[in-house]
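In: Pasting a predicted model and its sequence here:
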Amino acid sequence: MKKSYIYFVLFVFGLLLNACTYDFIAQEKVAPLDPTVDILFATQIAPIFSTESCTSCHKTGGQAPDLSAANAYNSIKSLTLANTAVPASSLLYTYPNPANATVHAWKKYTASEAQLVLTWITQGAKNN
């Protein structure tokens, strides 16, 4: 009787160990950008905003800032969303940043988009 009880306990313990699974979310690995290569607003930054994830709300007549292709740069500058003195504190970078879980929960940048936006602001947030 005691032997069958030990086998039963080992069997249940084995089932418990095999039943546990862990799902790990792999974080996007982002290679550092070369700071000497200019980030272009028209071809690299504006397309981030023109996706449906941003312009579904931030469009002409919608919620500020207007991130439609024709108005994005002027809206960013007029609302001072890009702080070139302290780029990492820019609202354009911090608000939809994937690391920021407290605000803008609807849509976020990917890690590579966030790095691209931060580098663009660091380079002076030019309309190029």
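Out: Right, received. Where do you want to start?
In: which residues of this protein fall in helices?
Out: Under the criterion DSSP state H, helices of the chain are mapped to 2-19, 46-49, 52-55, 72-78, 91-94, 111-122.
In: and those helices as TSV, adding mean neighbour count?
Out: Placement of C-beta: from N, CA and C, glycine included. Listed next are the helices of the chain as TSV, based on neighbours: other C-beta atoms under 10 Å:
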stretch	mean neighbour count
helix 2-19	9
helix 46-49	18
helix 52-55	15
helix 72-78	17
helix 91-94	20
helix 111-122	20
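In: Can you lay out these as CSV showing distance to residue 33 and mean pLDDT?
Out: Supplementary listing: these in CSV, determined by distance: least, C-beta to C-beta, whole Å; pLDDT from 0 to 100:
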stretch, distance to residue 33, mean pLDDT
helix 2-19, 44, 77
helix 46-49, 14, 87
helix 52-55, 21, 75
helix 72-78, 19, 91
helix 91-94, 14, 86
helix 111-122, 5, 88
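In: and these as JSON lines, adding distance to residue 36?
Out: Formatted as JSON lines, those follow (distance: least, C-beta to C-beta, whole Å):
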{"stretch": "helix 2-19", "distance to residue 36": "53"}
{"stretch": "helix 46-49", "distance to residue 36": "21"}
{"stretch": "helix 52-55", "distance to residue 36": "28"}
{"stretch": "helix 72-78", "distance to residue 36": "23"}
{"stretch": "helix 91-94", "distance to residue 36": "20"}
{"stretch": "helix 111-122", "distance to residue 36": "11"}
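In: right, and those - which one's nearest residue 85?
Out: Of all those, it is helix 111-122 that lies closest to residue 85, at 10.0 Å by C-beta to C-beta.
In: among the helices of the chain, which is nearest residue 37?
Out: Short answer: helix 111-122, nearest of those by C-beta to C-beta, at 8.9 Å.
In: For the closest one, give me every contacting residue.
Out: Helix 111-122 is contacted by residues 27-28, 30, 32-33, 35, 39, 41, 44-45, 48, 82-84, 87-88, 90, 92-93, 96-99, 109, 126 when judged by C-beta atoms under 8 Å, 6 or more residues apart in numbering.
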